[in-house]
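Asker: 3D model of this:
(chains A and B)
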Amino acid sequence: MKPSGNILFCGVGGQGILLASEITAFALLESGYDAKKSEVHGMAQRGGSVVAHLRYGEKVYSPLIDPGKADFSVSFEIMEAVRYLPFLNKDSKVVVNTHQIAPPAVATGKMTYPPDVLDGLRRQNISVFPVDGFGVAKEVGEIRTANVVLVGALSTFLPIEEEVFITVLKKRIPRKLDENLQAFQKGRQITAAA
Amino acid sequence: MTQVSTEKLWLSGNEAIARGAWEAGVTVASGYPGTPSTEILENLVKYDQVYTEWAPNEKVALEVAIGASFAGARVLATMKHVGMNVAADPLFTASYTGGRGGLVIITADDPEMHSSQNEQDNRNYAFAAKLPMLEPSEPAEAVSMLQEAFALSEEFDAPVLFRTTTRVAHVKGMVPTGPRSTGQVEIKIKKMPAKFVMLPGNARMRRLEIEKRQAKLTEFAETYSGNRIEWGDKKRGIITGGISYLYVKEAFPDVSVLKLGMTWPLPEKMIKEFAAGVDELNIVEELDPFLETHIKAMGISCLGKEKIPAIGELNAFIVKKSLGGNIGEIFPPVNLPPRPPNMCAGCPHRGLFYSLSKQKLFVAGDIGCYTLGFLPPLSAMDACVCMGAGINMAHGMNKALGEEGLGKTIAVIGDSTFCHSGITGLVNTVYNKSYSTIIILDNRTTAMTGHQPNPASGATLMGEPASALDFTKLSRAIGVKHVTTVNPHDIGQCRKVIKEEVERPETSVIISQGPCVLLPAERKRQKIPFTTSIDKCTGCSMCVQLGCPAIRWYPISPEEAKKMGKKEKQKGYARISVEMCTGCGQCSQLCKFEAITTVEGQ
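Answerer: Just a heads-up that it's a prediction; the model follows:
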C-alpha cells in the first residue's frame, strides 16, 4: 500500500502555481500513485489569492484537501502561506517563497503588510522552510524558474525518486531545460540542508 | 490529435468532456464561454473531424445544436449554469421536438460562486424541461458517460443534459480513453414536420410523446450502470450523485451508498430497495434538496438538508461534520489583508473606470473583467445582474427618474457581452427614446474567461480570420446619432467625453477602445515602462487611486520623511514596479509633480 498525502499550492494569480502543481502531479503519476488535482479558473486568476489542491495515494476519491489535512504547502507568496492556515496541522511542512506582493488594500495604503507574518505559522509549531525563489532563479540565469526552485524544495519531502522529477522536467519543460534542472537542484539543496 | 489507442491520460473534467465528445463521434459543437465550462470547446477544437464555434450567446449555441441534430449530426452545446437561463427558450421546446442526431447539452454549475453571480442548481432544469440528466463525479467517468449520453439521446429522442460542477470541470485525474466512433444517424436533410414544427397541433401530439418517453427513461434508470448500489455497513445508507459521491466515499468509506449517475428521472424501484436495506437514509447533495424532494415525494423518509448545507460547495470535511463524524481540531484563520482579484497592470478598463469614478454617476454595469471596477479604490460600478442587463437597467432607471436622471446615469458593457445580449438592449433604448449613455468597453476579446474570440475580434475559435463587428456602424444603424470613440488610457479625453455625453438628452454610445494587455500581440509589444522619481514624489497619492497592481504605497514616519528631505507631514510615497508596468501612462497623467516619467525619459 502506497502512502497517501496532500499538497496545497497557493499564491497570487499569475505566479505559475499551475505549472508547479502539474510537474509535481506528473512526478507522482510516474511513481505509480493515483492523484487528483483541483484548480480554480476564471475570476480568481486576476491577481487574486489562488490555491490548487493535489492529493495522492493508492486511490484518491475527493479532489479537495480537508481542513487540517494538508501534509505540505507550497506558497509562492509569504502572506498567502498564512491565509491557508486552517488547511494545515502541527506536522505540516510549509515551503515559502520569500516574496511579497502587496494586495490592493496594502498597495493603496489602507492597510499595512503584516510584519513577521510567518510567525502565524510558527506559533502553531508548523515547520516553515523559507526559499528565496527569485534569488535562486536569478543565480541560475532565468527568472522564470522560481516555481521550479519551489518544486525542488518540496521534492525532498515527497516519496518520489529525484530521477523521476528530472525525467518529468525533461519531458515537460520545453525551453531553458538546463536552467530549470539547476533551479530544481538548488531548491532541493535548501530543504535537504534544513 | 487523432489517436486510436486506448490509453490513460491526465485530463481535467473539461478536457475529458472534449475527449468524450470526440470519441462519441461529435461533428458539430457550439457554446459560449463561461467558467467553469470554457475549456471544453477550447480542447475540442484541437481534435480533427469536429466543427467547433463560439456562438455570441447560449441561446444561439443551443439553436445551432438543434439544427445540427435535425440534420443528423451528433452535436454538443456547452454553457455555464446561468447560460442555460439564456438558452432556456429553445431548451424547453427542444424537449418536444427531440432531434435526429444525438444532442447533449453541458451545464457547468458553479456552487460557491467562484466565478459567477449566483449558484443556481440546474438539476431543476431537467425536471422542468422533462429531460434526462447525467452527472459524472470525476474526469475518468466523464468520457464514458458522455458517450452513454449520446446513445441515450438517440434512443429516447431527447436532448440530454450533462451537468458538471466546478470541482468536476476543473479537477484533473487519470482518464481511460478509447477510439472515435461515429454516430448511427445519416447526415442529410429529412423533413419531419410533425416533429420539427412546433405549432400547437403538433406540439400537443409531441406532449404525449414526452410522457411516454419519461416513463421509458424511468425504466431505463433502473438498470443504467451509472446508477449503482455499493452495499457496505447498513446502519447508514447515503444516496448521492456528482461530486458529492466522492466526498461521501472520502468521509465514510464503509457506509452503503447509492450513487446516481443519472439524476433525472430517478430509479424509484432502486431507491426503494436501497432505502429498505438501511437503518438510516441520508441524502448528500450540493445546493438544492433536489434528490431529497423527489425521494420524499416517493413516500420514502430520509434526512437531507436537515443535516447537509444547501448553500455553497460541500467537501468531505463538511459531509463528515454534518453527519456526526469526528473532524478533530482545526487552526483558526489568521486575520490578513484580503486579496481579491484586480484588473491587470495596464488594463484599459482602469483608465475608463477611474474617469467614471470622478463623475458621481450611477453606473449600471455588466459581466466581465470590468465588473472588478466595483472594487476600491475605483468603486465605480453600482449595479451588476446578468449578461446584457446594464444597458436595460440604465434605460429603466432613466424612465423612472425622468428629467431628474439626465446626466446622472450611465451603462457600461464589454464587447463580448454586448454581442451576447447588449445589442437588443441598445435597440430598445433608441426605439423607446432614452437619454441613456452606453459605454462599450471594447478590448477585442472575451478576457475574463481566458481570451476567447467573439464576433468583434476578427477571428473564429478554429483560428480562421472572420468579419469583425464594427460597433460604430452598428450603433448608427440602430439609430444612435452620437457615437464617439475614446482611448481609455487618455483620462482627460475620457472625462470630457463622458461629461458631454451623459448630459445629452438623446441616446449616445461611447466606444472605449483599448486591447486587453494579456492578448498575445500586446504581450509581445515592446513596452516602455514608467518609473517614479522618489525625490519628486510628494505623497499626494493621486496615482495610487488607480489601484494599479504595479503601483505600491510605502508609508513613512515623520523622521523618515525628514531624512529623505521631505516635509515631515508627508505620510509616504508611491513607487512603480518597472517589472510589472506596461507603460500605459495613466498614472503619469495624474501626477502633478512630474515624479512619473518613462524609463527612457529619465
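
Asker: wait, what's in contact with residue 133?
Answerer: Here I'm looking at chain A. A:76, A:97-99, A:146-147, A:149-150, A:187 (Cβ atoms under 8 Å, 6 or more residues apart in numbering or on different chains). For the C-beta atoms, the positions are set from N, CA and C on the backbone; glycine is no exception.

Asker: look at chain B instead
Answerer: B:123, B:125-126, B:160-163, B:262-264.

Asker: The helix or strand that residue A:23 is a member of near chain B at all?
Answerer: If you go by DSSP states H and E, residue A:23 is part of helix A:17-30. Yes - counting by Cβ under 8 Å from any Cβ of the partner chain, chain B is contacted by helix A:17-30 at A:25-26, A:29.

Asker: host element of the residue of the stretch 251-400 of chain B found nearest chain A?
Answerer: Residue of the stretch 251-400 of chain B nearest chain A, by Cβ to the nearest Cβ: residue B:341 (3.6 Å). Residue B:341 belongs to no helix or strand when assigned by DSSP H and E.

Asker: Just read off the phi/psi values of residue B:598.
Answerer: Note on residue B:598: backbone dihedrals following degrees, to the nearest 10 are phi -70, psi 160.

Asker: per-residue pLDDT, it?
Answerer: Here, the pLDDT recorded for residue B:598 equals 94.

Asker: looking just at contacts, which helices and strands does the next helix-or-strand element following the helix holding residue A:23 meet?
Answerer: Next in sequence after helix A:17-30, counting helices and strands by DSSP H and E, comes strand A:34-38. Here strand A:34-38 touches helix A:17-30, strand A:49-57, strand B:171-176, going by 3 or more Cβ pairs under 8 Å, 6 or more residues apart in numbering or on different chains; DSSP states H and E.

Asker: swap the cut-off to 10 Å and go again
Answerer: Judged by 3 or more Cβ pairs under 10 Å, 6 or more residues apart in numbering or on different chains; DSSP states H and E, strand A:34-38 is in contact with strand A:5-12, helix A:17-30, strand A:49-57, strand B:8-12, helix B:166-169, strand B:171-176.

Asker: Listing partners with orientation, what would you give for that strand?
Answerer: strand A:49-57 (antiparallel), strand B:171-176 (antiparallel) (DSSP bridges).

Asker: which parts of the last one are buried?
Answerer: Buried residues in strand B:171-176, counted by 16 or more other Cβ atoms under 10 Å in any protein chain shown: B:171-175.

Asker: That strand versus helix A:17-30: what angle between them?
Answerer: 40 degrees (axes from the mean of the first three to the mean of the last three Cα atoms, to 10 degrees).

Asker: so strand B:171-176 versus strand B:8-12, what angle?
Answerer: 160 degrees.

Asker: and strand B:171-176, C-alpha only, in CSV?
Answerer: Extracted C-alpha coordinates of strand B:171-176, given in CSV (Å, rounded to 0.1, in the frame of the first residue of the first chain):
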residue,chain,number,x,y,z
VAL,B,171,-10.3,18.7,-11.4
LYS,B,172,-7.6,16.7,-13.1
GLY,B,173,-7.3,12.9,-12.9
MET,B,174,-6.3,9.9,-14.9
VAL,B,175,-8.8,9.1,-17.6
PRO,B,176,-9.1,6.0,-19.7
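
Asker: Not counting sequence-adjacent ones, nearest residue to residue A:29?
Answerer: residue A:35 (5.8 Å; Cβ to Cβ, 6 or more residues apart in numbering or on different chains).

Asker: from what I can see that neighbour touches residue A:160, true?
Answerer: No - with contact defined as Cβ atoms under 10 Å, residue A:35 does not reach residue A:160; the gap is 11.4 Å.

Asker: Please identify which of the two sits among more neighbours.
Answerer: Neighbours were counted for residue A:35 and for residue A:160 using other Cβ atoms under 10 Å in any protein chain shown; residue A:35 has more, 23 against 20.
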